[in-house]
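>>> What would the 3D arrangement of this be:
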Amino acid sequence: MKQIIINQQQKINFYKAVKNRKDKTIIYIHGGGLLYGNLNDLPNEYIDLFLNNGYDFLSMDYLLAPESKLPEIQKSIFDAFTWFQQNFSAKLNLSSSKYILFGRSAGSYLCYQLIAQLDKSKFDLPIAMLDFYGFFDLNSPKLKVLSKYYQQYPVPPDNILNSLIEDHKIYEGDIQKRFLLYVASRQKGNWQKLLLNSTNDQIILNFKQVPPTYIVHCTEDFDVPFSISLSKKFKIENTNLVSINKKSHDFDREVTNDNIKIYNDMIDWLNNI
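Next up, the predicted model:
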């Protein structure tokens, strides 16, 4: 693995496939409700599956809320993507800039926002999109309702929550601390207020520009409703929706034989794109 600081404190991790090379790079954006997380959150066992099948793998970090609002977050994602497109040969020793976007949860949302940005730019769109339990509209009423799941936990006091917010911009946030910000925002139904200056901060996505997409989502997801992925299936022209019969959100946080099979099935699909 090669880590590169590309812009002030922003980093990418790059893993190069040795065998069965496809000359295509998986560009991965982590989840965390846009409030926490880091570029190392995908278990190495899953990364190895991509590498063993010939796909290079690049993960990026990005600015987090509430220290930065969505427009700045979008720009940090676009900056990292632009760096890849401009440096794939000289810095990463790749012969091709072809890529696949992969996001989990809020990372999937940022992938869709990136596609919307790319639709207006000179860059080629991704070959495919890998979407694990993600969403595409931050302003969806389904994401604004008070979360019954998170309301079962004690409500953190405001002084504790305020102590978790830094006085400077950050690119990564410890889940052990920052998860409280997310829990409280879903308890109170004000998650979007931490992320947006206004409802117009989102870039409108043209679903006709979304490439073939592989979606994996638990049917009883307590965080991002499964119905959001059902709607994506009908909005995106070429989709493969895999439903997991579990009451879980990030079901793949633990590496199991079942989850390895889910990733292998996804890679088989990707090999045929």
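>>> quick one: average pLDDT of stretch 185-193?
Computed over stretch 185-193, the mean pLDDT rounds to 93.
>>> and the end-to-end length of it?
9 Å (CA to CA, to the nearest Å).
>>> which of the residues in that stretch are buried?
Neighbour-count burial for stretch 185-193, counted by 16 or more other CB atoms under 10 Å, picks out Ser185, Arg186, Gln187, Trp191, Gln192. Every residue, glycine included, has its C-beta placed from N, CA and C.
>>> Same question for stretch 249-268.
For stretch 249-268, the neighbour count (16+ other CB under 10 Å) marks His249, Asp250, Phe251, Asp252, Asn259, Ile262, Tyr263, Met266, Ile267 as buried.
>>> The residue lying closest to the fourth one once chain neighbours are set aside sits in which helix or strand?
Spatial nearest neighbour of Asp252, excluding adjacent residues (CB to CB, 6 or more residues apart in numbering): Asn259 at 4.8 Å. According to DSSP states H and E, Asn259 maps onto helix 257-271.
>>> Determine how far that helix lies from the middle of the whole chain.
The chain centre lies 18 Å from the centre of helix 257-271; the measure is CA atoms, centre = their mean, to the nearest Å.
>>> which other helices and strands contact it?
Judged by 3 or more CB pairs under 8 Å, 6 or more residues apart in numbering; DSSP states H and E, helix 257-271 is in contact with helix 44-52, strand 213-218, strand 239-244.
>>> Tell me the confidence at the residue nearest to Asp252?
Asn259 carries a pLDDT value of 97.
>>> pull the CA atoms of stretch 229-239 into CSV?
The C-alpha trace of stretch 229-239 is given here as CSV (Å, rounded to 0.1, in the frame of the first residue of the first chain):
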residue,chain,number,x,y,z
SER,A,229,-32.4,1.3,-3.0
LEU,A,230,-35.7,0.0,-4.5
SER,A,231,-36.2,3.5,-5.9
LYS,A,232,-32.7,3.5,-7.3
LYS,A,233,-33.3,0.3,-9.1
PHE,A,234,-36.1,2.0,-11.1
LYS,A,235,-34.2,5.3,-11.6
ILE,A,236,-30.9,3.8,-12.8
GLU,A,237,-31.1,2.1,-16.2
ASN,A,238,-28.8,-0.8,-15.5
THR,A,239,-28.9,-2.1,-11.9
